[in-house]
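Trainee: Sequence plus the predicted model coming up.
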Amino acid sequence: MTESEVAIVGGGLAGLQAACLLQAAGVDFILFEARNRLGGRILTVDAAGLPCDDGFDLGPSWFWPRVQPAIGELVAELGLPAFAQNSVGDVVFERMSREGPRRYRAVDPEPQSLRLVGGTAALVRALARELPPECVQLGAHVTAMALTGKGVELAVARADGLPETHTATQVIAALPPRLLEATVAFTPAQEAAAARRWSDTPTWMAPHAKFFALYERPFWRAAGLSGTAQSMVGPMAEMHDATTASGHAALFGFPGVAVEQRAALGEAALARAGVEQFVRIFGAAAGAPVATVFKDWATDPFTATAMDRIPAGHPVPGAAPWVSEAWRQRLVLAGSETSPSEPDFLAGAVVAAGRAVGGVLAKRGSGGGRG
Ligand SMILES: Cc1cc2nc3c(=O)[nH]c(=O)nc-3n(C[C@H](O)[C@H](O)[C@H](O)COP(=O)(O)OP(=O)(O)OC[C@H]3O[C@@H](n4cnc5c(N)ncnc54)[C@H](O)[C@@H]3O)c2cc1C
């Protein structure tokens, strides 16, 4: 049995930001992350699809500091360099298979989408550097939480197969609420209204996938194309230039086919069809990628549930509490989807983490702390 004052469940952006805020406030905490890496939906990989320091974003790639200041301020505070998403050149629209794709002059993007040098995982590395390594446990899957007289008992299934029980005075659940409802058992159970709110909150982008084709050079730029394209033919519905700040060239697309069709087609066939589409849209040079990389978030059990197979919009903001009365002194939610502003985005994760830590510190001050 181990213990800490605060337990954070989830090491995505929200959990890491919460950990950094607790660390700065001098609060004893531990962060449990189910995967064997930090970052959650933030995942930057190399040509082999492995996490790396300078690569391609299989999860989020853009942020908009002008309209989402919370993420802009965090990036600035961490001193992370950013660059603009390439938008120089024409955009292409593929309307139907019997007429060729058509080029259009692009309008200036507003607001400008920014990317981090090295990839979005630069944010994860910068936050993780602030944390004592012994306070972060990877391969630690929280499967249950139970209220005790003094706090919360968490059941943790570890990658090495050894189960652990951890007690904490307060818990910050920094994961999508729908995933929390589907995969973590609560004793006592959350009341029906809270449980329904969790499962009714779609996990942003969980039904989606990303396909990358890597090239020697960003040849489309020389042809006056920005790399941005839309298609009603498929398999990609939306495409963009994914070339890194260090010059590694790539195009990426969001497949417009549903998760069942993606599974039926298989990754190899989808990649072949994706490359054929890139040839139609960006020219013959697209036919010889040096590598392709594919990530289907809908089949990742630490992001998506069965309910996330159907794409849905952003959550409707509501005043109803996220947590049942019995749990309110001990549990606070911090996944991006629970943010009062910019829910679902990177910015939302930063806001939700700040709000959760504020709540933890307030309860501590009012006697809800250790004891
Ligand atoms: C393909 C894609 C593209 C996106 N594009 C953008 C974009 O361009 N801009 C933008 O702002 N946002 C974008 N997003 C959304 C953005 O990624 C999220 O808003 C943000 O990363 C959410 O962070 P989080 O910490 O709230 O959740 P997550 O990143 O989901 O982190 C939750 C963490 O909890 C862990 N976990 C889950 N269950 C347990 C458990 N039981 N025990 C322990 N750990 C657990 C998970 O492994 C994960 O690490 C995109 C997302 C995807 C998937």
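Mentor: Structure received.

Trainee: Settle this for me: Val92 is touching Pro101, isn't it.
Mentor: Yes - Val92 is in contact with Pro101 according to Cβ atoms under 8 Å; the separation is 4.9 Å. C-beta here means a position set from N, CA and C on the backbone, and glycine is covered the same way.

Trainee: For Leu116, see how far away Pro317 is.
Mentor: Using Cβ to Cβ, to the nearest Å, Pro317 is found at 28 Å from Leu116.

Trainee: The two: which is more packed in?
Mentor: Leu116 (24 against 9; other Cβ atoms under 10 Å).

Trainee: What residues does the stretch 251-371 of the chain have near the ligand?
Mentor: 297, 302-303, 335-336, 344-346, 348-349 (Cβ under 6 Å from any ligand atom).

Trainee: So is the lengthiest strand in the chain next to the ligand?
Mentor: Criterion DSSP state E: the longest strand present in the chain is strand 163-173. No - if you take Cβ under 6 Å from any ligand atom as the test, strand 163-173 misses the ligand, and the best it gets is 8.5 Å.

Trainee: Does anything pack onto that strand? Which helices or strands?
Mentor: Where contact means 3 or more Cβ pairs under 8 Å, 6 or more residues apart in numbering; DSSP states H and E, strand 163-173 is packed against strand 2-9, strand 29-32, strand 152-158, strand 331-333, helix 346-363.

Trainee: Please repeat the previous calculation with a cut-off of 10 Å.
Mentor: strand 2-9, helix 13-24, strand 29-32, strand 140-147, strand 152-158, strand 331-333, helix 346-363 (3 or more Cβ pairs under 10 Å, 6 or more residues apart in numbering; DSSP states H and E).

Trainee: what about the shortest one, average pLDDT?
Mentor: Within the predicted structure, the mean pLDDT of strand 331-333 is 98.

Trainee: again with stretch 59-78
Mentor: Rounded mean pLDDT across stretch 59-78 is 97.

Trainee: buried set for it?
Mentor: By 16 or more other Cβ atoms under 10 Å, the buried positions in stretch 59-78 come out as 59-65, 68-72, 74-75, 78.

Trainee: The ligand next: which of those are close?
Mentor: 59-63.

Trainee: In helices only, show me these.
Mentor: Among those, DSSP state H puts none in helices.

Trainee: Would you map the helices across the stretch 101-250 of the chain?
Mentor: 121-129, 177-183, 192-200, 219-222 (DSSP state H, counting those that start in this stretch).

Trainee: closest one to the ligand among these?
Mentor: Across the helices of the stretch 101-250 of the chain, the ligand has its closest neighbour in helix 177-183 (5.4 Å, Cβ to the nearest ligand atom).

Trainee: Sweet, I'm off.
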